[in-house]
Every structure is written in structure tokens, then in C-alpha cells.
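In: let's see this in three dimensions:
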Amino acid sequence: MLHFAVIGGLFFALFAAVDDSREQPADVIYISPERIDQLAAGFSSVWKRMPTQDEINHLIEEDIREEVYYREAQALGLDQNDTIVRRRMRQKMEFLIDTSTNLLVPAAGELETYFDENKQAYGRQPRLALEQIFLGAAPKPQMVDRALKALQSGSSADLSELGETSLLPAQLGLSVESAVDGVFGKGFFDLTTDLVPGEWTGPITSAYGVHIVRVLDKLPPRTPPLIEIRDIVLRNWRERKAQKVGELDYAGRRTNYTIEIQRRETEAADKP
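Out: Predicted coordinates:
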């Protein structure tokens, strides 16, 4: 509850900071120094330089033109029942709430608790690195045995002489299951993940044919400690907080209104 109270205060403080409007008569357009600074900053972000005085004057005149048309459009009711305007106003409200939650700092132990409850989301998949000799789509058993013995004895100086030419990589660095299967076909990772690293083994069948494979390195699945991925976990925690705060904020604001829904008779009859 303390968090939500703080967020509420930040929400209104932020709104006050970004809203430079003042109580003015309806026929007065007030351009504050802060608004001029905003216009200059917007110009600078696009052109990578500060505007000249003439350019500042032009920006001010354009801002006044926009305000004039905005007020005239409001007077004509052009903002009413406009889907684009409604969505934009909703986005601005949600932006204010999201921005305030980005300032939150978790209490002692809160981030650790969040991490423990969501460890599965931060788990890292097993990976392996391998090299392979491709023996063709359907090599004769004698060819497989001869190549395997040559590799295991280390008598072959040129590995490429033992297999057939193909577009498949001779080596693959540490890769997750989807990457390995993406190269050699579905299921190839499972066939090689239990092989003893450093030993030539075969025949191993892929989607393309028969291979002799040597696993060069492999890493088991693991969940890194919080200290390694704290920034990621903190960002996710804030996103979760923003979602909860947004729902609570909406629920509170909704109670300020009486909701009446009048359905067509045919539609109402279909409702349970």
C-alpha cells in the first residue's frame, strides 16, 4: 500500500511537471519559458543543433497556430467521439502511470522473492559445440566403419577426405537446441547431447544423411544467479509492478463513474 501511495504522489507530481498550463481566460494563449525550451529541445533532437532566434520565433508561431486550431476544434466538438483522440489520451494517461513506476526501487528482499518465484523464466538452455564428418545420405557400413576407425585412431591428417562434400558446417560453436536442429534437422541435438565430449562417435543420422560426430564442448542448463542478471530482473519486476499499478489505478478511477450498458434486445437475449 505504501508503494501505491508513493506512486500516486509521483503520478500527480509528474503530471504537474509536464503540464505547463495556467489558469487563463479562454481567449488567452500563454507560451511559457518552459514551453519555449521544449520547442527548442525538439528542434535540437532533429537537427542536432540549437535553433537560431528566427527559428525559435517560427517555432513559437507554429505552436500558437496549433493551439488556435486545437481550441477551435474543441469549440466545434471535433474531439468528441474521435477514436484516435480517445486512444491518444488513454496512451498519455498510461504513460504517466508507467513512468512513475519506473522510479520504484524494490524493498529489501522483494527483488529476490520475485526472482525465486520466476526462476524458470530466466533459465538458460543447454548448449553444445560439435564437429562432424558427413558420409552421405546412405553410406555403406564398411565406409562408416573405416572412417570411424581412422578418426578414433587419429591416423587421418585430412578430415575432409573421409566424407562427402556438403553445405553443412564442419564445426558448430556452442549452440542451443533450436540452432543445432535448425542446421541438421529436428532431433539432431537430442542425438548428440549425451555423447562423450572429445570422442568421435557414429553413425549419427540427421535429416540429410549419416554423420560421424565429435562433441567439442557442452554446457548444461542453468539458471544464472540474480547478481548476473539483476538489471533484467529489475526491469521485469518494474514491468509487473506497472501492470498491477495500472489495473489498480483503473479500478479506482472506474468507481467514479456509473456504468450503464444498454444492449440490443437480440444481443441481450444471447447473453447468459
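In: OK, contacts around the residue nearest to the spatial centre of the chain?
Out: With distances taken as C-alpha atoms, centre = their mean, Asn236 lies nearest the centre of the chain, 10.0 Å away. Residues near Asn236 by C-beta atoms under 8 Å, 6 or more residues apart in numbering: Tyr114, Asn118, Ala121. Yep, even glycine has a C-beta here, placed from its N, CA and C like the rest.
In: can you rerun that using 10 Å?
Out: When contacts are counted by C-beta atoms under 10 Å, 6 or more residues apart in numbering, Asn236 is found next to Leu111, Tyr114, Phe115, Asn118, Ala121, Tyr122, Ile229.
In: what of Leu59?
Out: Ile31, Arg35, Ile36, Gln38, Leu39, Ala40, Gly42, Phe43, Pro51.
In: mind checking how far it is from Ser32?
Out: 14 Å (C-beta to C-beta, to the nearest Å).
In: common neighbours of these two, please.
Out: Gln38.
In: the residue lying farthest from the centre of the chain and Leu128: what is the separation?
Out: Most distant from the centre of the chain: Gln142, at 51.7 Å, with distances by C-alpha atoms, centre = their mean. Distance, Gln142 to Leu128, using C-beta to C-beta: 29 Å.
In: which SSE is immediately downstream of the lowest-mean-pLDDT helix or strand in the chain?
Out: Least confident helix or strand, the chain: helix 2-18 with a mean of 51, by mean pLDDT, DSSP states H and E. Once helix 2-18 ends, the next helix or strand along the chain (criterion: DSSP states H and E) is helix 33-47.
In: next structured bit after that following helix?
Out: That would be, after helix 33-47 and using DSSP H and E, helix 53-75.
In: for that next one, output the C-alpha coordinates as PDB.
Out: Output in PDB follows, covering the C-alpha atoms of helix 53-75 (Å, rounded to 0.1, in the frame of the first residue of the first chain):
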ATOM      1  CA  GLN A  53      16.400  33.200 -32.800                       C
ATOM      2  CA  ASP A  54      14.400  33.400 -36.100                       C
ATOM      3  CA  GLU A  55      13.800  29.700 -35.900                       C
ATOM      4  CA  ILE A  56      12.700  30.000 -32.300                       C
ATOM      5  CA  ASN A  57      10.200  32.700 -33.400                       C
ATOM      6  CA  HIS A  58       8.900  30.400 -36.100                       C
ATOM      7  CA  LEU A  59       8.500  27.500 -33.700                       C
ATOM      8  CA  ILE A  60       6.600  29.700 -31.300                       C
ATOM      9  CA  GLU A  61       4.300  30.900 -34.100                       C
ATOM     10  CA  GLU A  62       3.700  27.300 -35.200                       C
ATOM     11  CA  ASP A  63       2.900  26.400 -31.700                       C
ATOM     12  CA  ILE A  64       0.400  29.300 -31.400                       C
ATOM     13  CA  ARG A  65      -1.200  28.200 -34.700                       C
ATOM     14  CA  GLU A  66      -1.600  24.700 -33.400                       C
ATOM     15  CA  GLU A  67      -3.200  25.900 -30.100                       C
ATOM     16  CA  VAL A  68      -5.600  28.200 -32.000                       C
ATOM     17  CA  TYR A  69      -6.800  25.300 -34.200                       C
ATOM     18  CA  TYR A  70      -6.900  23.000 -31.200                       C
ATOM     19  CA  ARG A  71      -9.200  25.300 -29.300                       C
ATOM     20  CA  GLU A  72     -11.300  26.000 -32.300                       C
ATOM     21  CA  ALA A  73     -11.700  22.300 -32.900                       C
ATOM     22  CA  GLN A  74     -12.700  21.700 -29.300                       C
ATOM     23  CA  ALA A  75     -15.200  24.500 -29.600                       C
END
